[in-house]
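Colleague: no FASTA, just this:
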């Protein structure tokens, strides 16, 4: 069964460093998303991406965040200068259509020290 | 703006008993509604959705949910709970008129006791 894959599963970084979280969405999906979850609590929307551009972003997704689809399969989230409060589980998701269900990856646990 | 409420942080039920996990939503237009389940240290797993049509929708693992437009609710149900159903459950909404992102509720932890 097709699935969304994320790497790495766990990333530890020093405050101020740049990190790139990687995702391979399901191959025939057209919509891509990043969400984050802090300490197993609420799932927060960061950004959605369609047709090679950002379609929506939340207030959390400020200038230190960026997304890219560098080739036909990968979808990346970059955090330029990490802060302690960026520590969270980051989930990538993809969906076939703009209003169908999304399928989530297993997440990358980011720990900023 | 869209919002989702899950009024119970925790639901406890005995194995074999029916379970209900509650969800209410607020959208400006017509909603698309979803339930996801999260097991410890795992991603969100899609359970079921309401898009249009019958108000009672059936999903994975014997779960079902009933869309009630007048009460703006989409409660998750299962006739007979299993210990393996113990997990964190999230209700989510998309507003057809607003955008593509999912807005998630705060989650309800379900514990099924043997």
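Modeller: Sure, I can see it. Since the model is a prediction, treat every value here as computed from it, not as a measurement.

Colleague: contacts and neighbour counts: CA atoms only from here.
Modeller: OK.

Colleague: residues contacting the spatially most central residue of chain A?
Modeller: Nearest to the geometric centre of chain A sits residue A:34, at 3.3 Å (C-alpha atoms, centre = their mean). Residues near residue A:34 by C-alpha atoms under 8 Å, 6 or more residues apart in numbering or on different chains: A:45, A:46, A:47, A:48, A:77, A:90, A:91, A:92, A:93.

Colleague: Redo the residues you listed as TSV? Include pLDDT.
Modeller: Formatted as TSV, those follow (pLDDT from 0 to 100):
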residue	pLDDT
A:45	93
A:46	96
A:47	95
A:48	93
A:77	98
A:90	97
A:91	96
A:92	97
A:93	96
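
Colleague: most neighbours, which of the residues you listed?
Modeller: residue A:92 (31 neighbours; other C-alpha atoms under 10 Å in any protein chain shown).

Colleague: Find the helix or strand that it is a member of.
Modeller: Secondary structure assignment for residue A:92, by DSSP states H and E: strand A:88-95.

Colleague: Next: residue A:99.
Modeller: Applying DSSP H and E, one finds residue A:99 in no helix or strand.

Colleague: close enough to count as contact, it and residue B:52?
Modeller: No. Using C-alpha atoms under 8 Å, residue A:99 is not in contact with residue B:52, being 11.8 Å away.

Colleague: of these two, who's got more company?
Modeller: Neighbours of residue A:99 and residue B:52, each counted by other C-alpha under 10 Å, are more numerous for residue A:99; the result is 19 against 12.

Colleague: so where is chain A shaky, pLDDT-wise?
Modeller: Along chain A, segments meeting pLDDT under 70 are nowhere present.

Colleague: Please identify which residue in it comes closest to chain B.
Modeller: Closest residue of chain A to chain B, C-alpha to the nearest C-alpha: residue A:106 (4.2 Å).

Colleague: which ones are touching the nearest residue to that residue once chain neighbours are set aside?
Modeller: Nearest in space to residue A:106, with sequence neighbours left out and distances taken as C-alpha to C-alpha, 6 or more residues apart in numbering or on different chains, is residue B:43 at 4.2 Å. For residue B:43, the contacting residues are A:91, A:104, A:105, A:106, A:107, by C-alpha under 8 Å, 6+ apart.

Colleague: who in chain B is up against chain A?
Modeller: Neighbours of chain A within chain B, by C-alpha under 8 Å from any C-alpha of the partner chain: B:32, B:34, B:42-46, B:49, B:94, B:96, B:99-107.

Colleague: Which stretches in the chain count as strands?
Modeller: The chain I'm using is chain A. Secondary structure of chain A by DSSP state E: the strands cover A:5-7, A:10-13, A:19-24, A:31-37, A:43-50, A:53-57, A:65-68, A:75-79, A:88-95, A:102-104, A:108-112.

Colleague: wait, I meant chain B there
Modeller: For chain B, the strands defined by DSSP E cover B:3-5, B:10-14, B:19-21, B:24-26, B:31-38, B:44-50, B:56-58, B:64-68, B:73-78, B:87-95, B:103-104, B:108-113.

Colleague: rewinding a little: output the contacting helices and strands for the strand holding residue A:92.
Modeller: Helices and strands touching strand A:88-95, by 3 or more C-alpha pairs under 8 Å, 6 or more residues apart in numbering or on different chains; DSSP states H and E, are strand A:31-37, strand A:102-104, strand A:108-112.
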